[in-house]
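Q: With the input below, show me the fold.
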Amino acid sequence: MIELQQLLMLQTIAACEGNLTQAARRLHLSQPAISKQVKQLETSLNMPLIDRDKRPARFTPAGNALLQLAAQVLPLVAQTERQLAQLQEADQQQLRVALECDICYDWLMPAMTAYQPLWPRVEMDLVTGEQASPQRLIDGDSADFVLATQVPEVAHLSAHALFDYQLLAVMPKVHPLAAKAYVVAEDFSEVCLLHFPRPRKELDIFRRVLMPAKIEPSSTRTHHLAAGILQLVAAGKGVAAMPSWALKQLPTQFPVLLKPIGAQGTWITMYGITQAAKSGKAWVRDFVKLIREQNQQ
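A: Numbering: from 1, shown residues only. Just a heads-up that it's a prediction; the model follows:
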């Protein structure tokens, strides 16, 4: 029997143009795990679904047939789940979204806009100006869904893995570090680090790179806008570290270089934190799905 999760897996592989490693990352699985699941499905059907001899891997006629089925079935299942949830939950729900990141709006607002027609009875709002932890925001009834990169280890909260992103060093095109294939924590000891005006424990570059290595930048400077930080970098005022999704469409007026941090890069997962009791609700799952889709484009 073909399961919905298997159809979703094949659809994700197709969206990644046959790249199993990228598909595994989107599904928050390991590459061997997704390969094993594909193999198990092929064995149960007794026919190949993906031609692994081609690079990137391509779907066989049988695989394409299942992709057509996924395109028909998955949206219908999602629509029916919404209808059932709306019948079951007659009371109006609220989804107050809070974020610890200052530059998430480029992908958050399209997801919120797409969500509202699907769930017109869910009152959606954006919580701004809050600096508290996800647990304090939810327990204090200030938010229902908190975007964060740290997961509270408490039983009454659940974390939805949304997407992975790479933290990239941003530097002027003419810079002593420009010739390096990647930078390491020690390199930041020689630069002025440009960052948003937030506590260090909330900034990826400090929390994930500098603090573990016990490295202190030679100096720091803050700016509350991403564009302002990029302008300062381009002007040679320092080096920044920014998420890859914020740099996808880097304007040409910022002549800067992007470098991985570490030989394997520094990868971080964005989570959606909710009450555990709400995590399985269809109106929450749909919002999670829309954020994931927005960050797969």
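
Q: The helix or strand harbouring residue 259 - what's its average pLDDT?
A: Using DSSP states H and E, residue 259 sits in strand 256-260. Average pLDDT, strand 256-260: 95.

Q: continuing past it, what's the next helix or strand?
A: strand 266-275.

Q: Can you name the residues bridging to the spatially most central residue of the chain?
A: In the chain, the residue lying closest to the centroid (Cα atoms, centre = their mean) is residue 163, at 2.6 Å. Listed by DSSP bridges, the beta-bridge partners for residue 163 are residue 270.

Q: Show me the shaky parts of the stretch 101-250 of the chain.
A: For the stretch 101-250 of the chain, residues meeting the criterion pLDDT under 70 lie at 101-102, 129-132.

Q: how's this structure carved up into domains?
A: Following automatic domain parsing, one finds the domains of the chain at 4-86, 91-163+269-294, 165-265.

Q: which residues in the stretch 1-150 of the chain form strands?
A: 50-51, 58-59, 93-99, 122-127, 145-148 (DSSP state E, counting those that start in this stretch).

Q: Highest mean neighbour count across those strands, which stretch is it?
A: The highest average neighbour count among those, using mean count of other Cβ atoms under 10 Å, belongs to strand 145-148 at a mean of 23. Placement of C-beta: from N, CA and C, glycine included.

Q: That strand pairs with which strands, and in what direction?
A: strand 93-99 (parallel), strand 266-275 (antiparallel).

Q: what's the burial count for the closest residue to residue 201 other than its chain neighbours?
A: In this structure, residue 201 finds its nearest non-sequential neighbour in residue 207, 5.9 Å apart by Cβ to Cβ, 6 or more residues apart in numbering. Other residues near residue 207 come to 16 when the count uses other Cβ atoms under 10 Å.

Q: lowest-confidence stretch among the strands paired with strand 145-148?
A: Looking at those, the lowest mean pLDDT belongs to strand 93-99 (a mean of 88).

Q: For residue 170, what are phi and psi?
A: Backbone torsions of residue 170, given as degrees, to the nearest 10, read phi -120, psi 120.

Q: repeat for residue 222
A: Torsion angles, degrees, to the nearest 10, at residue 222: phi -110, psi 150.

Q: Okay, and the beta partners of it?
A: residue 195.

Q: pretty sure it is in contact with residue 194, am I right?
A: Yes: assessed by Cβ atoms under 8 Å, residue 222 is found in contact with residue 194 at 7.4 Å.

Q: Looking at the two, which one has more neighbours?
A: Each of residue 222 and residue 194 has its neighbours counted (other Cβ under 10 Å); residue 194 has more, 25 against 13.
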